[in-house]
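>>> Following is a predicted model, sequence given first.
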Amino acid sequence: MEAPKPPAIRIFVDADACPVKPEVYRVAERYGLFVYVVANSFMNVPRSGMIERVIVTQGPDVADDWIVERAGPSDIVITADVPLAGRCVRNGVTVLSPTGKPFDDNAMGMALATRDLMTSLRSAGEQTRGPPPLSRQDISRFLSALDLAVVRLKRKLNPSS
């Protein structure tokens with residue numbers, strides 16, 4: 001009798017403000033992984049049977065909800081959205097920021113606290129800046145982190161190989 005096939009690794013991209021989509025496509029192509037590019041509006045994606053553009057209806061957290069409902073422990077989510085990352089981590093999903101920072105149980109508390117602090121400062125009238133533009137080091141760190149995440153998931157899903 002044949003052993004059951006391990007679940008396929010998929011990548012879900014919270015795409016509206018994701019600066020590393022081209023890097024995701026390259027890594028996914030190298031490993032033969034399916035990519036969902038989830039956005040609230042039309043977005044160009046490469047023509048590939050392994051990349052699916054998902055356009056969700058407008059509204060708060062609609063794209064996040066779509067991702068959370070589908071991503072599981074054998075998947076990777078790429079997002080800078082801290083609440084989305086927290087929801088995915090609670091579901092056992094591997095989550096990376098566009099700078100390559102992994103979100104995990106240990107990092108979520110600090111990330112949520114920082115986000116809440118910045119929200120409070122902005123609502124009190126404080127001028128805050130958005131994230132800095134990605135550097136080459138950020139992109140390199142992201143590529144390394146994504147590659148490592150794929151390798152770890154492959155080992156976890158198929159320990160005999």
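Cool, the structure landed. Numbering: from 1, shown residues only.
>>> just the helices in the protein please.
Under the criterion DSSP state H, the chain contains helices at 21-31, 62-70, 82-90, 105-123, 136-157.
>>> Now tell me what touches the first one from outside.
Spelled out, it's helix 21-31. Residues outside helix 21-31 that contact it (CB atoms under 8 Å, 6 or more residues apart in numbering): 9, 11, 13, 15, 18, 33-35, 37, 45-46, 48, 50-51, 78, 139, 142-143, 146-147, 150, 154. (Each C-beta comes from the backbone N, C-alpha and C, glycine too.)
>>> ok, now with 10 Å
Helix 21-31 has contacts (CB atoms under 10 Å, 6 or more residues apart in numbering) with 9-13, 15, 18, 20, 33-35, 37, 43-46, 48, 50-51, 76, 78, 96, 98, 100, 134, 139-140, 142-143, 146-147, 149-151, 153-154.
>>> which of the helices of the chain sits most buried?
helix 82-90 (a mean of 20; mean count of other CB atoms under 10 Å).
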